[in-house]
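Participant: mind looking at a prediction? Sequence and model below.
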Amino acid sequence: MGNDAIRITDARTDAQYELPLFKGAVRAMELRKIKTGPDDFGMMTYDPAFLNTASCQSAITYIDGDRGILRYRGYPIEQLAQHCTFLEVAYLLLKGELPSAPELKEWVGAVTYHTMIHETTKKFLEGFRYDAHPVAMFVSTVAALATVYPDSRNVLDGDVRALQILRLIGKVPTIAAYCYRHSLGYPYVYPDNELAYTENFMNMLWRMMERRYQVNPVLARALDVLFILHADHEQNCSANVMRAVGSSQADPFLATAASAAALSGPLHGGANEEVLKMLDEIGSKQNIPAYIEKVKAGQFKLMGFGHRVYKNFDPRASIIKWTAEQVFEVVGRNPKLDIALELERIALEDEYFVKRKLYPNVDFYSGIIYQAMGFKPEMFTVLFAIPRTVGWLAQWQEMLTDPEQKIARPRQIYVGHEARDVVPMSKRTSGALLPSD
């Protein structure tokens, strides 16, 4: 097999195995050949959190974490953020190429057609308490769409899939805006089909009694850029959930809701809210050195720094930093930005962070922008979920059309009891593991 294989010697048996390489990787099933005897199940890999396991082939997003590269379908994220709208990028992620002008017009029209939600779905939203968390409302309502569109269960029909994709991309901003309005006790605002995607979202969020909400173009463009940056990010936690749930051929509304639930955690979509909490705790630039020392002493983490994938600058962070400046020229400068800039400067000059390759990630500045635009922190993850719905759907569609994909079913290493017999109740003694005092 030469250079297209690796040779392994099993020290237990001295047997040698040549395992073929597939695109630079070893197929896990090849390891099953490595056995100590005929009754041996075969070798497995143990990889908690999938730190070094490829679960699929994908042509959607490319990341080189060591060099700080992020590309959608081969296009650098920097160029897409500079030259494209979010719906152009959505078309790219789902269809593989950037649209021509006629294709974009047709695509935007198709998405816009599906922005309205059924009146019964509005009533469903009205059933939540006034203080219900927007993420829980969003997840529940997206899942409830499966009851409105039962045809969505036919996931193996390409035309049906395409229709559900349009429905989801069109409706998630409406659902998000209604969750926000519900939390404030405001009446819902219907979509305005004459507005662009992010402009329409802002209209549904903030329109009050005016005849037509006047969208600030700088803020609309900033939100569009943020949506582009958050649209997809390879096989992250929520994308992995989308593929796992989708592999059972669940409908896309339920799979998307599951992915949004995964996104809600503070280690994923909620990280930018944690950054704001940290900046509030720091309070002023004068307190940064002392805070840095506490981080280095292991008392807590520096939120918004470091990334599982990026061991260099997160390429999205520099774009967001520039976007923040544009936003603050309109809404006024947020003191948190000055704290963040100084914190970034000090951290990047400190050997502790440089040695560990802890650079600002996308969450470091995004929360500051969202807050400056008028969003409460509890809405941040919902804002993340709107564009990421496109990435989830692209991953879902790719998974369903991949002939190698089956229902997700990881292996485990069993560490429990060996076989044992049930003791009759009369002869049992307390053996439960109780928490220590």
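Facilitator: Okay, I see it.
Participant: run the chain-centre distance for the helix or strand harbouring residue 289.
Facilitator: Element membership for residue 289 (DSSP states H and E) is helix 288-296. Relative to its chain's centre, helix 288-296 lies at 29 Å (CA atoms, centre = their mean, to the nearest Å).
Participant: got the domain boundaries for the protein?
Facilitator: Domain assignment for the chain, taken from automatic domain parsing, gives 2-45, 77-264+379-400, 271-372.
Participant: still on that earlier bit, next SSE after the helix holding residue 289?
Facilitator: Following helix 288-296 in sequence order, the next helix or strand is helix 315-331 (DSSP H and E).
Participant: which helices and strands sit right next to the helix holding residue 289?
Facilitator: Judged by 3 or more CB pairs under 8 Å, 6 or more residues apart in numbering; DSSP states H and E, helix 288-296 is in contact with helix 271-282, helix 335-348. Bear in mind the C-beta positions are built from the backbone N, C-alpha and C, glycine included.
Participant: just say which of those helices is most tucked in.
Facilitator: Compared across the helices and strands packed on helix 288-296, helix 271-282 shows the largest average neighbour count, a mean of 20 (mean count of other CB atoms under 10 Å).
Participant: CA atoms only: put that helix into CSV for me.
Facilitator: Provided in CSV are the C-alpha atoms of helix 271-282 (Å, rounded to 0.1, in the frame of the first residue of the first chain):
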residue,chain,number,x,y,z
ALA,A,271,-20.4,32.7,25.4
ASN,A,272,-20.8,36.3,24.4
GLU,A,273,-23.2,36.9,27.3
GLU,A,274,-20.5,35.6,29.6
VAL,A,275,-18.1,38.2,28.1
LEU,A,276,-20.4,41.0,29.0
LYS,A,277,-20.7,39.7,32.6
MET,A,278,-16.8,39.6,32.7
LEU,A,279,-16.5,43.2,31.5
ASP,A,280,-19.1,44.3,34.0
GLU,A,281,-17.1,42.6,36.7
ILE,A,282,-13.9,44.3,35.7
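Participant: related to what we said a few turns ago, out of the helices and strands packed on helix 288-296, flag the one nearest residue 289.
Facilitator: With CB to CB as the criterion, residue 289 lies closest to helix 335-348 of the helices and strands packed on helix 288-296, at 6.8 Å.
Participant: packing partners for the closest one?
Facilitator: Right, helix 335-348 is packed against helix 271-282, helix 288-296, helix 363-372 by 3+ CB pairs under 8 Å, 6+ apart.
Participant: list the buried residues for the shortest one?
Facilitator: Buried positions in helix 288-296, judged by neighbour count with 16 or more other CB atoms under 10 Å: 288, 291, 292, 295.
Participant: who's in contact with the second one?
Facilitator: Residue 291 is in contact with 281, 282, 343, counting by CB atoms under 8 Å, 6 or more residues apart in numbering.
Participant: if we can go back for a sec, farthest pair within the buried residues of helix 288-296?
Facilitator: Spatial extent of the buried residues of helix 288-296 (CB to CB) is set by the pair 288 and 295 at 10.3 Å.
Participant: wait, residue 69 touches residue 61, no?
Facilitator: No. The pair residue 69 / residue 61 is not scored as a contact, 10.7 Å apart, by CB atoms under 8 Å.
Participant: okay, those two: which has more neighbours?
Facilitator: residue 61 (22 against 15; other CB atoms under 10 Å).
Participant: about what we covered before: ok, so of the buried residues of helix 288-296, who is nearest residue 237?
Facilitator: Looking across these and measuring by CB to CB, the closest to residue 237 is residue 295, at 24.1 Å.
Participant: which one is the closest one nearest to, not counting chain neighbours?
Facilitator: The spatially closest residue to residue 295, leaving aside those adjacent along the chain, is residue 302, at 4.8 Å (CB to CB, 6 or more residues apart in numbering).
Participant: ok, residues contacting stretch 76-96?
Facilitator: 59-61, 69-73, 75, 98-99, 103-104, 107-108, 111, 165, 169, 196-198, 224-225, 227-229, 231-232, 315-316, 319, 387, 390-391, 393-394, 397.
Participant: quick check: end-to-end length of that stretch?
Facilitator: From its first residue to its last, stretch 76-96 covers 14 Å (CA to CA, to the nearest Å).
Participant: return the set of buried residues in that stretch.
Facilitator: Here stretch 76-96 shows 77, 80-81, 84-94 as buried, counting by 16+ other CB under 10 Å.
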